[in-house]
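[1] sequence and predicted model, in that order:
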Amino acid sequence: MRRVLALGAILMAASAQAQNAAPADAPVVPAAPPQMSGTDLSFDTAVLQGLDKVTARVVTVEAPVGAPVHVGALEIIVRACKKRRPEDQPESAAFLDIWELRKDQPAAALFRGWMFASSPALSAMEHPVYDIWVLDCRGKAR
């Protein structure tokens, strides 16, 4: 009899816990990306890599901060490139604006935000033909 009561109590607790849990189809809120602190070093050039998924061509581009560079039909402007100090855990991040240029059409904005070298999938650009990711920050520290 005690076993039946104990089993009943366990089942009731599990049922109550399941009712309080979020439904399976509830939207998952992604965690905020790591923030670059004010003590990080700013550099004047971002090293980016791009993949053309159609031709399987990989290209590495050094993009100066504030100047547009082109990878295929994409125009990329690096707004900032930051790197942690050597004594900290390594991380490079760039704030990018990416547009797709099409003939006889206005430029279509594809991406605007931080991309992190250590976690390219954390803040990825979605495009059927191109992938772009950050490798490093170089140049003069500002």
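    Structure's in. What do you need?
[2] now for Asp131: which residues touch it?
    Contacts of Asp131 were listed using CB atoms under 8 Å, 6 or more residues apart in numbering, and they are Gly50, Leu51, Lys53, Ala124, Met125. To be clear about C-beta, it is placed using only N, CA and C from the backbone, and glycine gets the same treatment.
[3] who's in contact with the spatially most central residue of the chain?
    Centroid-nearest residue in the chain: Ser123, 1.3 Å away (criterion: CA atoms, centre = their mean). Contact analysis of Ser123 by CB under 8 Å, 6+ apart lists Pro33, Gly113, Trp114, Met115, Phe116.
[4] please report how far the last one lies from Pro90.
    In this structure, Phe116 lies at 11 Å from Pro90, with CB to CB, to the nearest Å as the measure.
[5] of the two, give the one with the bigger neighbour count.
    Phe116 (18 against 11; other CB atoms under 10 Å).
[6] so that one bridges to which residues?
    Beta-bridge pairing of Phe116 under DSSP bridges involves Ala93.
[7] now do the helices in this protein.
    2-20 (DSSP state H).
[8] surely Asp97 and Phe111 touch.
    Yes: applying CB atoms under 8 Å, one finds Asp97 in contact with Phe111, separated by 7.4 Å.
[9] that's all I had, so thanks and see you.
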